[in-house]
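Participant: predicted model and sequence follow; I will ask about them next.
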Amino acid sequence: MQASYAEVVAVYRYSYHRRMAEDLPIGYYLKNFNFLLDFVFQYYDDVLLADELAYRVNFQKLSVAAQRLYVRLSSRRGPMFRVEKIHYAEIIDVEAGINELVEQGYFDQSQEVAADWLLSLMTKNELLELFDLSGQQMRREELDQAIIEQHSAAQIKSLLEIDTVMPLGEEHLKIYKLLFFGNLSQDFTEFVLRDLGLSRFENYLTDRSARYFDDRPSLEKVLHCGVLNEACQHLIAVGDAQQIADFGQVQLTTEKFLSADLLADAILHKELHKELHQELHKELHKELHLEVSDAEIIRRYSKMFNSLARQLERLDSTTQALRLYEQSTLPPARERRARLLAKCGDVQSSLALCAEIVALPATEAELAFAIQFGNRLIARHKCVVSWLPVVLAENFQHDEISLHKVNDVNVEILVCEWFKQQGSDAYYVENGLIPSLFGLYFWDIIFIPIKGVFFNPVQRGPIDLFTADFKVRRQALIEDRLLRMTEENYTANKILSTYRQKLGIANYLVSWNLIDIQLLKQSLSRIGVNDLKQMFIHLLQDLRHNRSGLPDLVVFPPQAGYQLVEVKAPGDRLQNSQKCWFKFFTGQQIPASIVNVRWQ
DNA sequence: TACAACCGAG
DNA sequence: TTCACACGGTCGT
DNA sequence: GACCGTGTGTCTCTCGGTTGTACG
Ligand SMILES: [Mn+2]
Ligand SMILES: [Mn+2]
C-alpha cells in the first residue's frame, strides 16, 4: 500500500538519526526536488498555471539520470555550463542525459547569449591563450572587457569552441520554491542540513486548508516584490538620483499592489486595532482566514521606499527623498522626514511629524527619537508645544575599569574574563540569552498551529512571529502563561523541561549554540522571576525590534543575584536599541550597568 | 608560491 | 528573513 | 555629542577544490 501523503510529509519533517555526510543516499537531491514539486502540487494545484503544472509532470516523466542531471545543474550558479566539465559519479552517461533534456525542453544548447556569459565559463589562462594576450597584465574583469571590445560575439563564440548547456524552466522552479517556502530566500540546502542532522524542525501541523498563498494574486504580489527589490538594490548601487527617484515614483507607486486605496485601508486597519475592544479583537482573528497579508506586502514596499530614499539623501536629492519617505509606513521614514524638514528650515512640519510619532509611535526607538528631536527643535526655535513629553535624564549606572588591550580579542571577552577573575561567573551572550529563555518558555504557544502560520515542514517559527499580530492572535494563551510565572518553580521547570525536550529543534528565538543547561540553571536561579517576566513582556511589545539591544554580558556574582553588563570600549556609545533596553531596566529596577573600559 | 575568495557537495 | 554591533570620522555647538 | 558610513562577524554547517591575485 502506498504511504499517505501525510506520512511522506512526516518522514520529511524528521531526521531521527544523526547521519554522517556519506550516509546521504545516492540521488538524495532528486528526492528532495521531487518532494518539493509534489508537496506544492498537493497544496496549490489550483494556483499553478498550466505551464507550471506541465513543468512538474513532464519532468517526472524523464529518466532518472536526466532528472538527476537537471537538478544538479539547476541548483548551481550557472546559468550556463561547459559540457566537458560536467562530471558526476552517479550520472554515467551525461551526453544521453543532455540529449533527453534538450529534446524535452529542459536544457538549451544554443549560445545565443551575451558574450560575457560565455567568457565567464573559461579560466583566465584559457582566455589569455585563445586570444593571444599572454603578455598582458590584466585583472580578470579587464580581460573580459578587452576581449568583448575587440571581438564580435560571433567571433568569440567560434574561438571558444565549447559545448554548453543551460537549464530551462528556472522561472517555474522559482514559483514552486516560493510556494513551498513562502519566501525567495530558502532553498534545498534546508533539506540537506536537516538530513545531515544539522537542523531539526518542530512537529507542527500543516495541511492544505492552511496554506500561505490563498490565490494566484497573493503569489504574484510576493514574486513581484522580489523582482522590484532586486531592481532597487541594483539602482541604489549604480543609479543616479533621477533614476532612483523615477523608479520610486513610477515602478513602486503606480504599482497596482500598492494603490492609494490599499494604503488607506492599511491605515484604517491600524486605527481599528487600537479602538477595538480586546474581546472583539480575539473573535475577529479567530474567524479571519489568514493569508499573505497586505500588511506584509506594504512592509516590503516600505523597506524599498526607505532604502531608495536614503540613497537619494546621500545624493543630496532632499525633495525626492522626502517624497519617497512619504510613501513608506515603516520606520525610520518619519524620522528621516523630520530630520530633512528641519534641515530645510520647515520647523513646523518637522514638529508636526514628531507630534504624529508621539501620538502613535511605530516602535520604541521612533518614539524616543521624536521626543528627543522635538525637544531639541523647540529649544532651538523657542516654540511652545503641549504634546511633547520632557526628556528624562538618563542616569544609567556606569562603571570604569582599566584593562590591557589584547590584539585579536574582543573587548567584551576581556571584560568577561575580568569578571571571572573577580570571582563571578560571566557569559558573553548579547541577544542570545533572554530571547532564548523567552523562546523556551513560550515554545508550545509559538508553535501552536493557528491556521495559515505553518505551511511547510522546515519553518523556524510561525510566519507571523515578528508581526504585531503574533501576540494578538495568541493573547489568552500568552497572558495565562505570564500569570503562571509567579507559581513556585513553574518558570524554571517549564524552561528546563522544554530545553531537554526540544534540544536542537530550530526556533528563531532560541540560540542553541549559545545556551547550555548550566547557563540556563544559573540564569533561572539568579534572575528573579519577576524581572524575567517584565523582560518577557517587554520583548512581547515588539518581538522584531526588542530582540536586539540586550547587554553584552550576564554576570553572576559569587553569592547571589545577577547583573546585565554592556561593555563599552573608549569611543563606543550606547546604540538606540541599547538605550531602549536600559531605559526599561531602569524603570523596572533590573540590575544593569555599563562598563566603560580604559586601555592601560 | 601562498593566500583569499568563491563555490559546490554532502 | 540580512542584520547587529563596533568603530572612526565629520560637523556643529 | 549627534550623526553617518563602513568594517566585521554571522547567518543554517563544514570541508575541499578551483580560480584569481599579490608578492617574492
Ligand atoms: Mn555588544
Ligand atoms: Mn558593547
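Facilitator: The structure has been received and is ready for your questions. Ligands and ions are numbered 1, 2, ... in the order given.

Participant: show me what counts as buried in the helix or strand where A:Leu377 lies.
Facilitator: Assigned by DSSP states H and E, A:Leu377 falls within helix A:364-381. Buried residues in helix A:364-381, counted by 16 or more other Cβ atoms under 10 Å: A:364-371, A:373-375, A:377-378. Any C-beta I mention is one placed from the backbone N, CA and C, and that applies to glycine too.

Participant: please name every helix or strand in contact with it.
Facilitator: Other elements packing on helix A:364-381 under the criterion 3 or more Cβ pairs under 8 Å, 6 or more residues apart in numbering; DSSP states H and E are helix A:333-344, helix A:347-359, helix A:543-546, helix A:576-588.

Participant: quick one: contacts for A:Val429?
Facilitator: By Cβ atoms under 8 Å, 6 or more residues apart in numbering, the contact set of A:Val429 is A:Leu514, A:Leu519, A:Leu550, A:Asp552, A:Leu553, A:Val554.

Participant: so what's the last one bridging to?
Facilitator: Here A:Val554 sits in beta bridges with A:Tyr427, A:Leu564, going by DSSP bridges.

Participant: so what's the residue count around the residue in the stretch 201-350 of chain A positioned nearest to DNA strand D?
Facilitator: The nearest approach of the stretch 201-350 of chain A to DNA strand D comes at A:Arg314, 4.4 Å away (Cβ to the nearest atom of the strand). The local packing of A:Arg314 (other Cβ atoms under 10 Å) involves 10 other residues.

Participant: can you give me the pLDDT of it?
Facilitator: At A:Arg314, the predicted lDDT confidence score is 90.

Participant: same question, A:Leu235
Facilitator: In this model, A:Leu235 carries a pLDDT of 86.

Participant: now A:Tyr14
Facilitator: For A:Tyr14, the predicted pLDDT is 39.

Participant: related to what we said a few turns ago, in JSON lines, list the helices and strands packed on helix A:364-381 along with mean neighbour count and distance to A:Val57.
Facilitator: Below are these laid out as JSON lines (neighbours: other Cβ atoms under 10 Å; distance: least, Cβ to Cβ, whole Å):
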{"stretch": "helix A:333-344", "mean neighbour count": "20", "distance to A:Val57": "46"}
{"stretch": "helix A:347-359", "mean neighbour count": "18", "distance to A:Val57": "54"}
{"stretch": "helix A:543-546", "mean neighbour count": "18", "distance to A:Val57": "41"}
{"stretch": "helix A:576-588", "mean neighbour count": "18", "distance to A:Val57": "50"}
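
Participant: could you dump those helices into a markdown table and include distance to DNA strand C?
Facilitator: Formatted as a markdown table, the helices and strands packed on helix A:364-381 follow (distance: least, Cβ to the nearest atom of the strand, whole Å):
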| stretch | distance to DNA strand C |
| --- | --- |
| helix A:333-344 | 10 |
| helix A:347-359 | 13 |
| helix A:543-546 | 7 |
| helix A:576-588 | 4 |
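
Participant: let me have these in TSV, adding mean pLDDT and distance to A:Ala237 as columns.
Facilitator: Formatted as TSV, the helices and strands packed on helix A:364-381 follow (pLDDT from 0 to 100; distance: least, Cβ to Cβ, whole Å):
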stretch	mean pLDDT	distance to A:Ala237
helix A:333-344	95	20
helix A:347-359	95	30
helix A:543-546	96	27
helix A:576-588	95	27
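
Participant: give the contact list for the closest residue to A:Ala365 other than its chain neighbours.
Facilitator: Spatially, and ignoring its direct neighbours in sequence, A:Ala365 is nearest to A:Asn576 (4.9 Å; Cβ to Cβ, 6 or more residues apart in numbering). Shown in contact with A:Asn576 (Cβ under 8 Å, 6+ apart): A:Ala365, A:Ala368, A:Phe369, A:Gly549.

Participant: do you know how far A:Val385 is from DNA strand B?
Facilitator: Per Cβ to the nearest atom of the strand, to the nearest Å, A:Val385 is found 51 Å from DNA strand B.

Participant: for that residue, give me the pLDDT.
Facilitator: Reported pLDDT for A:Val385: 91.

Participant: give the contact list for the residue nearest to it when sequence neighbours are not counted.
Facilitator: Distances taken as Cβ to Cβ, 6+ apart place A:Ile378 nearest to A:Val385, at 6.0 Å, with adjacent residues excluded. If a contact means Cβ under 8 Å, 6+ apart, then A:Ile378 has A:Leu351, A:Val384, A:Val385, A:Leu388 as its contacts.
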